[in-house]
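Participant: Kindly generate the corresponding structure for this input.
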Amino acid sequence: MTDIFISYARSTEAQAQRIAEALRALGYRVWRDDQLPAHRAYAEVIEERLKAAKAVVVVWSAEAAKSQWVRSEADHARTNGKLVQLRVDATLPPMPFDQIQFAELGDWTGEPDHAGWRKVTASIADLTRLTSANPSPSQAPQTPPAATPLALPDKPSIAVLPFKNITGGQEEDYFADGMVDEIVTALSRFPTLFVIASGSSLAYRGDARAHGLIARELGVRYILDGSVRRSGARVRISVKLADAPEGAQVWAERFDGVLEDVFALQDAVADAVAGQLAPAIEAADIRRARVRPTSDLTAYDLYLRAMHREREFDAQAVRDTIALLDSALDLDPHFARALAMAALMHSIPEFLGASETPEESHRLALDLGRRALSTGSDDDQVVGIVSNVLLWVGEDIKAADALAERAIALNPRSSFPWWASAQVKLFDGRPAMAIEHWATHLRLDPRSPYQAFITGGTGFGLVLLGRFDEATPRLREAIQLLPQHLFHSTGLAVACANLGRIGEAKESLRQLTSAQIDYMLRLLRDPAHRELVRAGLALAGADV
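Facilitator: This is a model prediction of the structure:
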């Protein structure tokens, strides 16, 4: 039942444990001597495990080189052709092991792309394939071959495994299982995620196998697991998300609550987990897409690359994003999110002062937005993006607001609809509500990649509320992060002018063209807000 036996000296127990955990994350069954049973002679168990193992990983160190046990285990592995050796300090393996290749892991701290670690895993992969194909009589009986791994879906896929009940007692299991049910239900509302039903997930209670194996059985990339600890009325819930094929942790969080209402607490945690998990998964997929060769990208990969480029938010970034989205749509003309993002990109060149033919850009944006809605009317992100397209091209603000509200109703646990709604509310004369919606977005996605937009948007909202002192530090911060954004320079010019800081107001005004100023005033649908901004810009010296 063992794929890998780890041999090491006691002084390197921490390194051996790290190696074991990393190998388990890759789907291997690993044994080391911290698993010795209390009722059997340890020499007998070690010999049994050595014979059963397909590969023996020897961790050489100064102490290991002097250990008779490590040398004996290494000799057994060498004799049977299943030795994989590495060293974690400057000590050379003793004779005759110094004549065999070994990996250098002295500076390894768990990175999957470390050269020494890749050498170790490549050797293990070769040995496990060889022993599976040519089992020797001395090996322990092999377990039945696993079912053929399911192919990964064409969108991010996740299974939520049963949470560990650390408190103990079967009467507490209902709460842990309820958490899994609630989180699965919450995640299922995200159309971009493929989520394994909780009935299948809960079947893995007590399964100690590595995440990699379970993920392959279920046909998913991501595994979410967690634990529940209860002390009186207080409950602590810890969750962590792992990319199973890569054996890497993507995200982790801890939630504390009071068990006054079980179902309310489950709902609150499910909302928080779902809201933060979807952006974490998208960020992980974006990182993976960035390192893949261009020739291997699918339409979804191209979309992810476009999403990453779009966040640079300048004229060249917009052009590059459109090119990537066009390539994605060549592969899949009905890709709703790519259509929506393409619509958004064609709606904002005037915003950046980079459009020579704004009417043509707006016409194309509306056409792409309609196509996106026709195929993605139930996708909260598609609906939210198109609401902003209508805003930027100057369409009916009430229609834009209706779409933003519909996006929130489709999935209130998703962070993006709140972001999209905040933009619409700001220009529809409701800056206080816009600021609230940006705050909700940040509660659901605390590490939002749109921090600069949120900081600047909040600052601009404070300007419209007449709170100029509060607005200026936020707008200055936003300009540092994203100097080319129209909100930021306009808002700072108006705020400083109203505070009597005309020199600073004029400096901000230099960032804006007359066309951008005209466009900004047209975006403000509320007459009082439009006049406040116009008057502030006039104080700063603008010809408005």
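Participant: so where do the helices sit in the stretch 251-400 of the chain?
Facilitator: With helices called from DSSP state H, counting those that start in this stretch, the stretch 251-400 of the chain shows them at 262-291, 299-310, 315-331, 336-347, 358-376, 380-392, 397-410.
Participant: Make CSV out of those and add distance to T121.
Facilitator: Glycine gets a C-beta too; all of them are placed from N, C-alpha and C. Below are those laid out as CSV (distance: least, Cβ to Cβ, whole Å):
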stretch, distance to T121
helix 262-291, 18
helix 299-310, 25
helix 315-331, 33
helix 336-347, 35
helix 358-376, 40
helix 380-392, 37
helix 397-410, 42
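Participant: export those to JSON lines and tack on mean neighbour count, distance to E182 and mean pLDDT?
Facilitator: JSON lines is the format used below for those (neighbours: other Cβ atoms under 10 Å; distance: least, Cβ to Cβ, whole Å; pLDDT from 0 to 100):
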{"stretch": "helix 262-291", "mean neighbour count": "19", "distance to E182": "4", "mean pLDDT": "68"}
{"stretch": "helix 299-310", "mean neighbour count": "22", "distance to E182": "28", "mean pLDDT": "80"}
{"stretch": "helix 315-331", "mean neighbour count": "18", "distance to E182": "34", "mean pLDDT": "90"}
{"stretch": "helix 336-347", "mean neighbour count": "26", "distance to E182": "26", "mean pLDDT": "93"}
{"stretch": "helix 358-376", "mean neighbour count": "18", "distance to E182": "26", "mean pLDDT": "91"}
{"stretch": "helix 380-392", "mean neighbour count": "27", "distance to E182": "19", "mean pLDDT": "95"}
{"stretch": "helix 397-410", "mean neighbour count": "20", "distance to E182": "19", "mean pLDDT": "94"}
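Participant: So for I517, which of those sits nearest?
Facilitator: Nearest of the helices of the stretch 251-400 of the chain to I517, taken as Cβ to Cβ: helix 358-376 at 14.6 Å.
Participant: How far does that closest one sit from its chain's centre?
Facilitator: Chain-centre distance of helix 358-376: 29 Å, with Cα atoms, centre = their mean, to the nearest Å.
Participant: what's the answer for stretch 408-419, then?
Facilitator: Between the centre of stretch 408-419 and the centre of its host chain there is 17 Å, according to Cα atoms, centre = their mean.
Participant: and if you look at stretch 269-279?
Facilitator: 11 Å.
Participant: ok, and what's touching that stretch?
Facilitator: For stretch 269-279, contacts defined as Cβ atoms under 8 Å, 6 or more residues apart in numbering pick out 158, 179, 182-183, 185-187, 189-190, 192-193, 224, 237, 239, 241, 251, 253, 255, 257, 412-415, 443-449.
Participant: Among these, which lie within strands?
Facilitator: The strands, defined by DSSP state E, take in 158, 224, 237, 239, 241, 251, 253, 255, 257 from those.
Participant: Now do the last one against A270, distance only.
Facilitator: Pointing back at G257 there. 12 Å (Cβ to Cβ, to the nearest Å).
Participant: buried set for stretch 248-261?
Facilitator: 250-251, 253, 255, 257 (16 or more other Cβ atoms under 10 Å).
Participant: Spatially, what comes nearest to R71 if we skip its sequence neighbours?
Facilitator: Distances taken as Cβ to Cβ, 6 or more residues apart in numbering put P94 closest to R71, at 6.6 Å, once the chain neighbours are dropped.
Participant: Make sure that neighbour is actually in contact with Q68.
Facilitator: No. The pair P94 / Q68 is not scored as a contact, 11.0 Å apart, by Cβ atoms under 8 Å.
Participant: I'd like to know which elements the host helix or strand of L492 is packed against.
Facilitator: L492 belongs to helix 486-498 when elements are defined using DSSP states H and E. Applying 3 or more Cβ pairs under 8 Å, 6 or more residues apart in numbering; DSSP states H and E, we find helix 486-498 packed against helix 451-464, helix 468-481, helix 502-509, helix 514-523, helix 527-539.
Participant: For A420, find the nearest of those helices.
Facilitator: Of these, the one closest to A420 (Cβ to Cβ) turns out to be helix 451-464, at 11.3 Å.
Participant: Mind giving me the packing neighbours of the closest one?
Facilitator: Where contact means 3+ Cβ pairs under 8 Å, 6+ apart, helix 451-464 is packed against helix 415-427, helix 431-444, helix 468-481, helix 486-498, helix 527-539.
Participant: please redo it, this time with the cut-off set to 7 Å
Facilitator: helix 415-427, helix 431-444, helix 468-481, helix 486-498 (3 or more Cβ pairs under 7 Å, 6 or more residues apart in numbering; DSSP states H and E).
Participant: so how far is D326 from the residue lying closest to D367 once chain neighbours are set aside?
Facilitator: Nearest non-adjacent residue to D367, counting by Cβ to Cβ, 6+ apart: A343, 7.9 Å away. When distance is defined by Cβ to Cβ, A343 is 12 Å away from D326.
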